[in-house]
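*Asks:* Below is the sequence, then the predicted model.
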Amino acid sequence: MDKPTDSQFVDEISEHSAKSIAASILVFPGTELVHPANPSWYQWKARWHDGDRFIDLGMSLFDDEETWGGSEIETDCLAGDIIGFWAFLQTRHDGVWLHAPDCTMHTQQSFLKGLIAAEAEQSWADLMGQE
């Protein structure tokens, strides 16, 4: 994929087992298991951290309850941390993308452009609120 795409219009998806994705996540340096997949993968949690920066990852599944459907993330980190983690997963599994709540599947470039735009919008709002 070379440009952002709406996931609702993707004809083919790559399928990976939750187990294989979890194994890849946990070998990324600085990542540890927070909660095992017990009683199911929906409870599985991992955390990457470096100092006070972190990325928390969960697990969702497709209907078969074995195929990875994505990982919700919560972060307090640098954009480069997310890109590095994502790039690592892409070396191990094809078809792994950052998927926004609006169904946009991002490229690294569109993800960064979105962050820059959001930061600029917030800076402008802060500036206008100070006057």
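*Replies:* Sure, I can see it.
*Asks:* Output the below-cut-off pLDDT ranges for the chain.
*Replies:* Applying pLDDT under 70 to the chain flags residues 1-11, 106, 130-131.
*Asks:* Looking at it, which helix is longest?
*Replies:* The longest helix of the chain (DSSP state H) is helix 108-130.
*Asks:* Name the residues of it that are buried.
*Replies:* Across helix 108-130, burial judged by 16 or more other CB atoms under 10 Å covers 110-111, 114. For every residue, glycine as well, the C-beta is placed using N, CA and C.
*Asks:* for stretch 80-89, same thing?
*Replies:* By neighbour count on 16+ other CB under 10 Å, the buried set for stretch 80-89 is 81-82, 84-86, 88-89.
*Asks:* contact partners of that stretch?
*Replies:* Residues outside stretch 80-89 that contact it (CB atoms under 8 Å, 6 or more residues apart in numbering) are 21, 24-25, 28, 48, 50, 53, 55, 73, 75, 96, 98, 108, 111-112.
*Asks:* Which ones among the residues you listed map onto helices?
*Replies:* Judged by DSSP H, the subset of these located in helices is 21, 24-25, 108, 111-112.
*Asks:* now those residues in TSV, with distance to residue 60?
*Replies:* Output for those, formatted as TSV (distance: CB to CB, whole Å):
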residue	distance to residue 60
21	11
24	16
25	13
108	22
111	20
112	25
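*Asks:* which among the residues you listed gets closest to residue 121?
*Replies:* residue 112 (15.0 Å; CB to CB).
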